[in-house]
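> got a predicted structure here, sequence first:
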Amino acid sequence: MRGKLKEGASIVGVGCTRFGDLLETPEIKGLSMQELAAMAAQEAMEDANISPQELDAVFVGHAMVHSTQLPGTYSQLSKWIGAQFKAGVHFEAQCSTTNVGAAMAAMAIASGVYEKVLVVGLEATRTRVKDMSPYERVPISTEEAWAWTDYAVNQAYSVPQGYEIFSVYNGLVALGYCRKYGIAIEDYDRAMFELCRTRRLHGAMNPKAILQETLEDEAARLGFSDPWEFWKSRFNPFVAWPCRIRNVVTVADGASAMVLVRKDAARYHSEAPVDLLGFGIAYSDLPWYDKDPSLWPIDRLAWQRAYQMSGVSPRELDYLHTHDCSNIVGMCNAELSGYIPEGKWTQYARDGRLRYDGDRPMSTHGGRHAFGHAWAASAGADTYEAVLQMRGEAGRRQIRPWPETCAIHTHGYAMISTVLILRRC
Amino acid sequence: MADSIIKRYYDGLAEGKLLATHCDFCDAYTFPPTTACEHCGNPDVEWVELSGKGTLLFASHGAAPPPNARFVDIAPYTYGHIVLAEGPVVQGIITGVKAEPEELQALFERGPVPVEPDILTLMGLKVLAWKLV
């Protein structure tokens, strides 16, 4: 594997809807999936100063067709984003989808086949089509959402044999981490509380986040003067001991998009283009880890490949997002990336160093818990946030000085580890 | 009718056997079995029966109700991370340990413990669970 792009590719436009509930969230309430995806795509094209007819190709991804009922999404969206007769494909890499799409677009551009590619990700994990209605939707139950999601998991053995995501992706990983570094469970719980406070603070400063209430405000609303007591209360149960429900994902409906072009044409489209310097991708089936649940071979490979392709070293990173559908997996990746020293994330979280105004800022959009998680659209939302930060457009949660080099790590169930390395031009 | 590896595995469970494949090229096991060695990709593998001896490294629990209707009657259940005597790492339901923080913490503090198969029948399917020895 050569692991190099023959020609540079740049992100010149990004778009993202508010993540929320198509039945409740004001900014997206009442929209169809076609309209939701078009909203993100049009924002990205407008941002890139490009018309849909200028595009060479459209890569559209989503994972859970049970809720959208939109397979063949490239053609079903074509009239909604104004990009008929282009080359297109519907692809999925589950929750890594949009960033795998960015890598696919970069490869297509580097090969010389396409010059301008739109990547779109969409997902509905809170609502689904009602019967065969063209516009009516109904809520999805938690069990239904996970049953559909688990179709992406080993169907020969693991799922029929009782596979359980919350323990495999949270509890077991947390226990592995605590044993490896000699961390007491209560200290771990306290660090998770601090991490959640940070993520909820970020969400509260992000008008596109699904949860825009700080943890402290939520605690007070539910009658707790001490947020730590709230954290340990019945309002925050263990989903997989020692991990609590506020350590994990908040499901959401949402869409994201980005436009990539040749690096040498980037300035034509944007005053602040962002280079996609490199990416790393690795996948595996269950079990995702050997004896040590806190160290995943696919993550190690994805990080190695991304650093190798980009020529960037960990010390150059100014901002990091790691897939935090499970906060402990996200923090294991933060350490694996080299952004945080091994065994130190709990201290970093307690010291506030992971906040937007800390020295190791992470997931300033709020992460999967506060920003929300719309499976295939989320990686694009992570990249959207990194681009805003590099441009100085992140509002109240702006990192200062603006980051120049960013890394975005995502996990696509189950399991594709993907890392993008981005740099402001 | 062609032989299905998956069906053969479940038929083995019904007889109390843990069937795997072994790769002579890299001397590693694939468990549960597939059409190729999961370590090196070699399709030329041989069926073997594992001892069933394992060590439970970590145990957590899942949610109730579970997404898979097969497990409604036993959820929430304890779920563990196990290394087998022959090397493969597996994950599965742990019987005899309540899915409660106090019991799981005691197990965590105890450290790795030996386990053996406890094959369940749920909605007509054999399920490889594990119990503490």
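Noted; the coordinates are in hand. Numbers count the residues shown, from 1 in each chain, chains lettered A, B, ... in the order given.
> my guess is residue A:425 contacts residue A:269. True?
No - with contact defined as C-beta atoms under 8 Å, residue A:425 does not reach residue A:269; the gap is 11.5 Å. No exception for glycine: its C-beta is placed from N, CA and C like everyone else's.
> neighbour count winner among those two?
The residue with more neighbours, out of residue A:425 and residue A:269, is residue A:269; 20 against 17, by other C-beta atoms under 10 Å in any protein chain shown.
> state the phi and psi torsions of that one.
The phi and psi torsions at residue A:269 (degrees, to the nearest 10) take the values phi -100, psi -30.
> can you pull the contacts of the residue lying closest to it once chain neighbours are set aside?
Nearest residue to residue A:269, sequence neighbours excluded (C-beta to C-beta, 6 or more residues apart in numbering or on different chains): residue A:12, at 3.9 Å. By C-beta atoms under 8 Å, 6 or more residues apart in numbering or on different chains, the residues touching residue A:12 are A:47-50, A:259-261, A:266, A:269-270, A:273-274.
> neighbour-wise, which one of those leads?
Greatest neighbour count in these, by other C-beta under 10 Å, goes to residue A:260: 32 neighbours.
> distance of that one from residue A:203?
28 Å (C-beta to C-beta, to the nearest Å).
> give the helix, strand or coil label for the residue in chain B that chain A sits nearest to.
In chain B, the residue found nearest to chain A is residue B:60; the distance is 2.5 Å by C-beta to the nearest C-beta. Look at residue B:60: counting by DSSP: H, G, I helix; E, B strand; the rest coil, its state is strand.
> hmm, it is touching residue B:105, no?
No - Residue B:60 sits out of contact with residue B:105 when judged by C-beta under 8 Å, with a separation of 10.9 Å.
> ok, the two, which is more surrounded?
residue B:60 (31 against 14).
> tell me the contacts of the nearest residue in space to the more buried one that is not next to it in sequence?
Counting by C-beta to C-beta, 6+ apart, residue A:171 is the residue found nearest to residue B:60 once chain neighbours are left out, at 2.5 Å. Listed by C-beta under 8 Å, 6+ apart, the contact set of residue A:171 reads A:240-243, B:58, B:60-61, B:79.
> look up phi and psi at residue A:31.
phi -80, psi 150.
> returning to that earlier point: name the element the residue nearest to residue A:269 belongs to?
Here residue A:12, judged by DSSP states H and E, is contained in strand A:9-16.
> what's the following helix or strand after that strand?
On the C-terminal side of strand A:9-16, the closest following helix or strand by DSSP H and E is helix A:33-47.
> could you give the angle of that following helix to strand A:9-16?
130 degrees (axes from the mean of the first three to the mean of the last three C-alpha atoms, to 10 degrees).
> show me what helix A:33-47 is in contact with.
A:12-17, A:22, A:28, A:31, A:51-52, A:55, A:60, A:68, A:70, A:73, A:76-77, A:80-81, A:118, A:120-122, A:124, A:253-259, A:270, A:377, A:380.
> spell out which parts of the stretch 301-425 of chain A neighbour chain B.
Within the stretch 301-425 of chain A, no position lies close to chain B (C-beta under 8 Å from any C-beta of the partner chain).
> closest residue of the stretch 301-425 of chain A to chain B?
For the stretch 301-425 of chain A, C-beta to the nearest C-beta, closest residue to chain B: residue A:328, 11.0 Å.
> got the residues of chain B near chain A?
Counting by C-beta under 8 Å from any C-beta, chain B comes close to chain A at B:6, B:9, B:32, B:34, B:38, B:57-63, B:65-68, B:70-71, B:77, B:79-81, B:83, B:89-93, B:99-101, B:104-105, B:108, B:125, B:127-129.
> now a ChimeraX select for only the buried ones of those residues.
Per 16 or more other C-beta atoms under 10 Å in any protein chain shown, the buried members of the residues of chain B next to chain A correspond to this ChimeraX selection:
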select /B:9,32,34,38,57,58,59,60,61,62,63,66,67,68,70,71,77,79,80,81,83,89,90,91,92,93,99,104,108,127,128,129
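> just the residues of chain B next to chain A: which are in helices?
Taking DSSP state H as the definition of helices, the residues of chain B next to chain A contribute B:6, B:9, B:101, B:104-105, B:108.
> could you dump the residues you listed to CSV with pLDDT?
Listed next are these as CSV, based on pLDDT from 0 to 100:
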residue, pLDDT
B:6, 98
B:9, 98
B:101, 97
B:104, 98
B:105, 98
B:108, 98
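> longest strand anywhere in chain B?
Longest strand in chain B, counting residues (DSSP state E): strand B:113-122.
> that older thread, partner strands of the strand holding residue A:12, parallel or antiparallel?
strand A:253-262 (antiparallel), strand A:274-283 (antiparallel) (DSSP bridges).
> nearest to residue A:373, out of those strands?
With C-beta to C-beta as the criterion, residue A:373 lies closest to strand A:253-262 of these, at 8.5 Å.
> secondary structure element for the nearest residue to residue A:215 once chain neighbours are set aside?
Nearest residue to residue A:215 in three dimensions, chain neighbours excluded: residue A:200, at 4.4 Å (C-beta to C-beta, 6+ apart). Assigned by DSSP H and E, residue A:200 belongs to helix A:185-204.
> same thing with residue A:421?
Per DSSP H and E, residue A:421 falls inside strand A:416-424.
> nearest spatial neighbour of residue A:181, chain-adjacent residues omitted?
That would be residue A:343: by C-beta to C-beta, 6+ apart, it lies 4.3 Å from residue A:181.
> count of residues packed around that neighbour?
Residue A:343 sits with 14 neighbouring residues when counted by other C-beta under 10 Å.
> same deal with residue A:304?
15.
> quick one: the closest residue to it other than its chain neighbours and residue A:385, what's the gap?
Once flanking residues are discounted, residue A:304 sits nearest to residue A:280: 6.6 Å by C-beta to C-beta, 6+ apart. Between residue A:280 and residue A:385 the computed distance is 20 Å (C-beta to C-beta).
> what's the answer for residue A:243, then?
Distance from residue A:243 to residue A:385, by C-beta to C-beta: 24 Å.
> try residue A:370
For residue A:370 relative to residue A:385 (C-beta to C-beta), the value is 12 Å.
> could you do residue A:273 as well?
17 Å.
> next: residue A:250.
Counting by C-beta to C-beta, the gap from residue A:250 to residue A:385 is 16 Å.
> returning to that earlier point: just checking, next helix/strand downstream of the helix holding residue A:200?
Heading C-terminal from helix A:185-204 (DSSP H and E), you reach helix A:215-221.
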